[in-house]
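Asker: here is my input, please return the structure:
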Amino acid sequence: MKTDVLIVGAGPTGLMLACQLAKRNTRVMIIDRNPGPSVQTKALGVQARTLEIYSHLGIAQRAVELGKRATGACMWVNGKRVARVPLGDIGSDLSPYPFLLILGQDDNERLLGAVLQDQGVQVQWDSRLVDLSQTPEGVLAKVARPDGSIVEIAAGWVAGCDGARSTVRDLCNIPFSGAPYQHVFYVADTRAIGSMAPDELNVYLWRGGFHLFFPLRGANHWRVVGIVPPELRSRDTLDFDAVAPFVRKEVGNAQAGTALSFEACSWFSTYHVHHRRAERFRDRRCFLLGDAAHVHSPVGAQGMNTGLQDAYNLAWKMALVTSGQAAESLLDTYEIERIPVAQRLLATTDRAFTFLISERWPAEAFRMRIVQRIIALAMRRERTRQLAFRTISQIGIRYRNSPLSKTQSRSTDGAPKPGDRFPWLQLESSPHTPVRDLFEQLDDTRFNLLLFGQSAPAGASLSRLPKLMTTHVIPDDPVNDQALARASISKPSFFLLRPDGHIGFAGAELDVMALHSYLVEQVKLLSTVAADVPRDEIAAHRRA
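Answerer: As a prediction, the model looks like this:
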């Protein structure tokens, strides 16, 4: 059996990578050791950047319909409500999806799985990777089938999306540095009635821990997450019936008449939270993505979304390489760009999580009496709300130090920089026409060249890459000028967007030769793809 890319693991990260590669006409095979798709909600938060990616797959609207928008976060201490942090459309003007969506991992997997099936790719369930060997030309993987037979798969590349206990990582001998936190945590899908503010994240703080109530689809449906009480941690087996009395005691307030009752529990599990990162995200022809590459605390609902962005980052590069349009060295930028993201994420979630579970009296007093009020006051400021949204939604992730981020000329202060996700704009495609969402006009299987305050170069110099690049000339118009001013984009300027929407190359007046050099030298497009631009055309363009 032969394939361009073998994906090990059919969780959200593996499904996203498979969808993106199949969309780009790359032969892909995806296997998973489990007998079928997940039936538990597991991860919950779907961030704006994920929904932007979903929109290119045609599933963003369905995800919004299935999930619940978090309108706010209510903070409770010892059963009494002490603060509320409004969320709502916290990211207005920053994203077409300016909110946090609460949608279970199982629903996300179903949406991605349906896309993959429409692309003609089936997940091969009950298939376990047992061995792999690499050569300069490819990878030979051995996979155990349900009937006990072993099949060999010859793949150009292997993507390990197989979770924290990654077989791909182990077979590549990549260390997974870090440790678990000492506490034991529980998670439960419940039907519950109590003081919880509907459609909002409810955070209950108490001396020694916390309980989080996430609203799920359906009446009185809540995902509950918390720390297992010390009295129960030594038990060999534990169920929700044992934990529930502690939750009722710490969440309910009999004096205020806010008793908590659980009608049912459909799923319960306990687990240790780890903070670990693979020392490398690549070993020759094998890559690590998602939990196989990094695991951390669930604070901020970042885990699943980070894995999806790993896949989105790698897919376009791998598609160019497997199709023979770019050199293999382009794949080096995956690790260069994504390891710093994982490092920052582990550091920030570790600090936040340590604060939440600290039993030292100064931290506990600050957590119980002060911090929630500070957060509520700070979130009244527009600048603070925008900063918080950029961070949590992952639209603020940038690759400014990447080899793929180059500037032709110095940009104005505050303007989008190479490596940044290009800002969401609503622009007129021609004067006096309705504004349109720029993101909807961008083809994420190509590079997109945006020209502001200048026309497209004369001649055929930009038509040499018809399958790889689309040029968008943004007309001069008062409505457009206002939108550009809000984004600190001056005229003339140009931005070459990578297929994943991040800026690769930018400057003022477009120099076609510089653009060509960028594509060959930084993106590593092969010269047969990025054909030499005739120098008489370049000279004519510069004279013009």
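
Asker: quick one: mean pLDDT for stretch 282-299?
Answerer: If you average the pLDDT over stretch 282-299, you get 91.

Asker: and it, which residues are buried?
Answerer: The neighbour-count check on stretch 282-299 (16 or more other C-beta atoms under 10 Å) flags 282-283, 285-299 as buried. Heads up, the C-betas are built off the backbone N, CA and C, glycines and all.

Asker: with stretch 507-522 instead?
Answerer: Buried-residue list, stretch 507-522, by 16+ other C-beta under 10 Å: 507-508, 510-513, 515-520, 522.

Asker: and if you look at stretch 316-329?
Answerer: 316-322, 325-326.

Asker: which of the buried residues of stretch 507-522 sit farthest apart?
Answerer: Spatial extent of the buried residues of stretch 507-522 (C-beta to C-beta) is set by the pair Ala508 and Val520 at 21.6 Å.

Asker: what's near enough to touch Gln302?
Answerer: By C-beta atoms under 8 Å, 6 or more residues apart in numbering, the contact set of Gln302 is 45, 47, 296, 345, 349, 392, 394.

Asker: want to throw those into TSV with secondary structure?
Answerer: Formatted as TSV, these follow (DSSP: H, G, I helix; E, B strand; the rest coil):
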residue	secondary structure
Gly45	strand
Gln47	coil
His296	coil
Leu345	helix
Thr349	helix
Ile392	helix
Gln394	coil
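
Asker: so which of those wins on neighbours?
Answerer: Counting neighbours by other C-beta atoms under 10 Å, Gln47 leads those with 27 neighbours.

Asker: may I ask you to confirm that that residue is in contact with Ile392?
Answerer: Yes - the pair Gln47 / Ile392 is scored as a contact, 6.7 Å apart, by C-beta atoms under 8 Å.

Asker: need the overlap of contacts for these two.
Answerer: Shared contacts of Gln47 and Ile392 (C-beta under 8 Å, 6+ apart): 100, 301-302.

Asker: can you redo those as JSON lines with secondary structure and distance to Val8?
Answerer: Converted to JSON lines, those look like this (DSSP: H, G, I helix; E, B strand; the rest coil; distance: C-beta to C-beta, whole Å):
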{"residue": "Leu100", "secondary structure": "coil", "distance to Val8": "30"}
{"residue": "Ala301", "secondary structure": "coil", "distance to Val8": "25"}
{"residue": "Gln302", "secondary structure": "coil", "distance to Val8": "23"}
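
Asker: ok, so of the residues you listed, who is nearest Glu440?
Answerer: Leu100 (21.9 Å).

Asker: for Val5, see how far away the closest one is.
Answerer: Distance, Leu100 to Val5, using C-beta to C-beta, to the nearest Å: 32 Å.

Asker: cool, and Leu438?
Answerer: Distance from Leu438 to Val5, by C-beta to C-beta: 30 Å.

Asker: of those two, who's got more company?
Answerer: More neighbours surround Val5 than the other of Leu438 and Val5, with 26 against 20 (other C-beta under 10 Å).

Asker: which other helices and strands contact the helix or strand containing the more buried one?
Answerer: Assigned by DSSP states H and E, Val5 belongs to strand 2-8. Packing partners of strand 2-8 (3 or more C-beta pairs under 8 Å, 6 or more residues apart in numbering; DSSP states H and E): helix 12-23, strand 28-31, strand 150-160, helix 303-322.

Asker: I'd like to know the average pLDDT value across it.
Answerer: Rounded mean pLDDT across strand 2-8 is 97.

Asker: and for stretch 424-433?
Answerer: 86.

Asker: ends of it, how far apart?
Answerer: 19 Å (C-alpha to C-alpha, to the nearest Å).

Asker: again, but for stretch 417-437
Answerer: Rule used - C-alpha to C-alpha; the end-to-end distance of stretch 417-437 is 21 Å.

Asker: outside of that stretch, which residues touch it?
Answerer: Stretch 417-437 is contacted from outside by 49, 52, 93-96, 395-402, 404-407, 411, 416, 438-439, 441, 450, 474-475, 477, 479-480, 483-484, 487, 495, 497, 501-506, using C-beta under 8 Å, 6+ apart.

Asker: give me that answer again for 6 Å
Answerer: 95-96, 395, 398-400, 402, 405-407, 416, 438-439, 474-475, 477, 479-480, 483, 487, 497, 501-503, 506 (C-beta atoms under 6 Å, 6 or more residues apart in numbering).

Asker: repeat that for stretch 391-405.
Answerer: Under C-beta under 6 Å, 6+ apart, the answer for stretch 391-405 is 47-49, 91, 95, 300, 305, 333, 336-337, 341, 390, 417-421, 504, 522.

Asker: first-to-last residue distance for that stretch?
Answerer: Taking C-alpha to C-alpha, stretch 391-405 runs 21 Å from one end to the other.

Asker: what mean pLDDT does that stretch get?
Answerer: Stretch 391-405 comes out with an average pLDDT of 93.

Asker: buried residues in that stretch?
Answerer: Buried, per 16+ other C-beta under 10 Å, within stretch 391-405: 392-399, 402-405.

Asker: and which of the residues you listed is nearest Ser269?
Answerer: Ile392 (25.1 Å).

Asker: for Leu87, see how far away that closest one is.
Answerer: 10 Å.
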